[in-house]
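**Student:** Build me a model:
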Amino acid sequence: MKSTQLMRFESLYKHSQYMGAATILRGFLGLSDDVSMPLSLSHGVDCGQYRNALDVETIEPLHWSYNQDIHDTASRVKPSVMAPHPWAIVAQQREASPGRGVLLVGPPPSPENDETLYKLIARESLSDWTVLVKARGEFQGSMRYWNARGLRTITARGADGSFYERLYTILSGYRTVVGCSFSSALLFAAAIGKEVVLLRDYRWEIYEASNFLSEVWLESPRARKIVRVFADGTDQEKSDASRDLLGFGMLGQREQIGRVLRASVEELERPFHCHADNPVPYKVREVLTVMLKKQGFLRYSSSELLALLKRKQVCVLQMNDIDAWLNGRSESNCRVMPVAFRKGVTQPGWAPNGYGPEAA
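**Tutor:** Numbers count the residues shown, from 1 in each chain. Here you go, the predicted structure:
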């Protein structure tokens with residue numbers, strides 16, 4: 001297919017647009033805005049923590065892989081194109097400040113998650129600490145919580161087209177970045193030379209998809225290896241591991257990547273990924289997707305749709321993910337409790353019993 005043929009579907013290629021990734025790649029490759037980017041890309045960094053390549057089963061017909069491990073795994077599902085992670089491209093264009101002070105990457109905002117974390121760090125000298133608050137739910141309550149205890153707060157806000165630029169500015173401004181979970185922000189920080197520290201004894205709560213344990217591979221050798229580096233390695237080892245993972249080594253291969261992308265697009269026989277287990281003819285699903293702008297017709301098999309309806313999609317996850325990655329799953333570091341889905345309440349990515357609009 002020609003890139004011009006795919007532009008009519010561009011509004012449906014949401015994964016490449018997320019956090020401005022498509023715009024970043026176009027700039028890196030010197031492409032104009034009328035060149036389609038039909039690429040899925042992991043939300044968060046794919047460290048091998050899932051049984052499949054992270055977010056590979058979306059409707060985009062190609063996958064954006066930023067290292068060889070992802071490429072090999074994704075290629076079992078659909079064609080893969082190797083290119084640096086958007087973070088690597090942004091970092092190449094900026095120069096990190098030495099920074100000062102400590103940035104604590106906060107948990108999913110809720111009074112319980114924040115209070116548990118505050119008790120864990122209260123023995124530290126917190127005068128130069130800032131908390132990076134995730135913009136989920138009524139996150140302003142979390143900012144008020146930390147401010148009331150003498151800590152500054154900051155947020156990268158939503159995942160719009162300027163997200164990576166904002167996050168780079170934030171992370172660049174600090175000397176040390178502390179994580180209470182193995183957040184992608186820690187990998188981003190290490191990749192630009194920041195000291196990164198893990199808090200190993202913290203357990204948090206979050207709403208997750210109820211198939212969490214069947215999708216996440218807590219015994220993954222790749223994920224365990226990278227978490228081990230961050231737990232026990234030197235600053236240089238953490239930086240090297242992050243840069244390898246994010247594809248910094250491909251930054252000098254712009255022309256080659258452009259050629260591969262063009263060839264991969266031309267080899268496409270259809271504009272969307274065809275889910276192998278969906279019994280409905282592909283062309284019917286394509287027409288319905290385009291007419292109704294509903295990705296589910298292409299993304300899920302009929303059995304998956306039925307399972308989603310039966311299980312109501314969500315659970316409460318209590319987790320110390322750093323301990324689980326390092327030592328394997330146990331009752332003390334990972335518990336899953338199914339709950340009914342309530343739109344705007346039991347929302348995956350939000351914390352149970354989160355802040356209300358008037359939270360103090």
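**Student:** List the buried residues of the strand or helix carrying residue 90.
**Tutor:** Taking DSSP states H and E as the definition, residue 90 sits inside helix 86-93. Residues of helix 86-93 classed as buried by neighbour count (16 or more other Cβ atoms under 10 Å): 86-91. The way it works is simple: take the backbone N, C-alpha and C, and place the C-beta from them, glycine included.
**Student:** before we move on, what about stretch 25-35?
**Tutor:** In stretch 25-35, counting by 16+ other Cβ under 10 Å, buried: 25-26, 28-29, 31, 35.
**Student:** what are the ranges of the helices in the stretch 151-300 of the chain?
**Tutor:** Counting by DSSP state H, counting those that start in this stretch, the segments of the stretch 151-300 of the chain that form helices are 163-172, 184-191, 212-215, 221-232, 235-246, 254-266, 282-292, 296-299.
**Student:** could the ones you listed go into TSV alongside distance to residue 65, mean neighbour count and mean pLDDT?
**Tutor:** Below are the helices of the stretch 151-300 of the chain laid out as TSV (distance: least, Cβ to Cβ, whole Å; neighbours: other Cβ atoms under 10 Å; pLDDT from 0 to 100):
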stretch	distance to residue 65	mean neighbour count	mean pLDDT
helix 163-172	18	19	96
helix 184-191	16	25	98
helix 212-215	19	13	89
helix 221-232	14	17	97
helix 235-246	11	20	98
helix 254-266	11	15	97
helix 282-292	24	14	88
helix 296-299	19	19	78
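**Student:** And the ones you listed: which comes nearest residue 335?
**Tutor:** Among those, helix 212-215 comes nearest to residue 335, with 10.4 Å by Cβ to Cβ.
**Student:** Can you show me the CA trace of that closest one as CSV?
**Tutor:** Provided in CSV are the C-alpha atoms of helix 212-215 (Å, rounded to 0.1, in the frame of the first residue of the first chain):
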residue,chain,number,x,y,z
PHE,A,212,-3.6,-8.8,34.7
LEU,A,213,-1.9,-12.1,35.8
SER,A,214,-2.5,-13.8,32.5
GLU,A,215,-1.0,-10.9,30.6
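**Student:** re the thing from before, state the pair within the buried residues of helix 86-93 that is farthest apart.
**Tutor:** Applying Cβ to Cβ across those, the maximum distance is between 86 and 91, 9.5 Å.
**Student:** where does this structure have low pLDDT?
**Tutor:** Across the chain, the ranges flagged by pLDDT under 70 are 300-312, 357-360.
**Student:** picking up where we left off before, kindly reformat the buried residues of stretch 25-35 as JSON lines containing secondary structure and distance to residue 139.
**Tutor:** Putting the buried residues of stretch 25-35 into JSON lines (DSSP: H, G, I helix; E, B strand; the rest coil; distance: Cβ to Cβ, whole Å) gives the following:
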{"residue": "25", "secondary structure": "helix", "distance to residue 139": "29"}
{"residue": "26", "secondary structure": "helix", "distance to residue 139": "31"}
{"residue": "28", "secondary structure": "helix", "distance to residue 139": "31"}
{"residue": "29", "secondary structure": "helix", "distance to residue 139": "35"}
{"residue": "31", "secondary structure": "coil", "distance to residue 139": "35"}
{"residue": "35", "secondary structure": "coil", "distance to residue 139": "36"}
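**Student:** Could you dump the residues you listed into TSV with distance to residue 119 added?
**Tutor:** Converted to TSV, these look like this (distance: Cβ to Cβ, whole Å):
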residue	distance to residue 119
25	43
26	46
28	44
29	48
31	50
35	51
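**Student:** List just the nearest of these to residue 267.
**Tutor:** residue 35 (16.2 Å).
**Student:** I figured that closest one hits residue 3, correct?
**Tutor:** Yes. Under the criterion of Cβ atoms under 8 Å, residue 35 makes contact with residue 3 at 5.2 Å.
**Student:** Show me where the stretch 51-200 of the chain has its strands.
**Tutor:** 62-65, 80-82, 102-105, 129-132, 152-154, 176-179, 195-198 (DSSP state E, counting those that start in this stretch).
**Student:** nearest to residue 114, of those?
**Tutor:** By Cβ to Cβ (comparing all of these), the closest turns out to be strand 129-132, at 8.6 Å.
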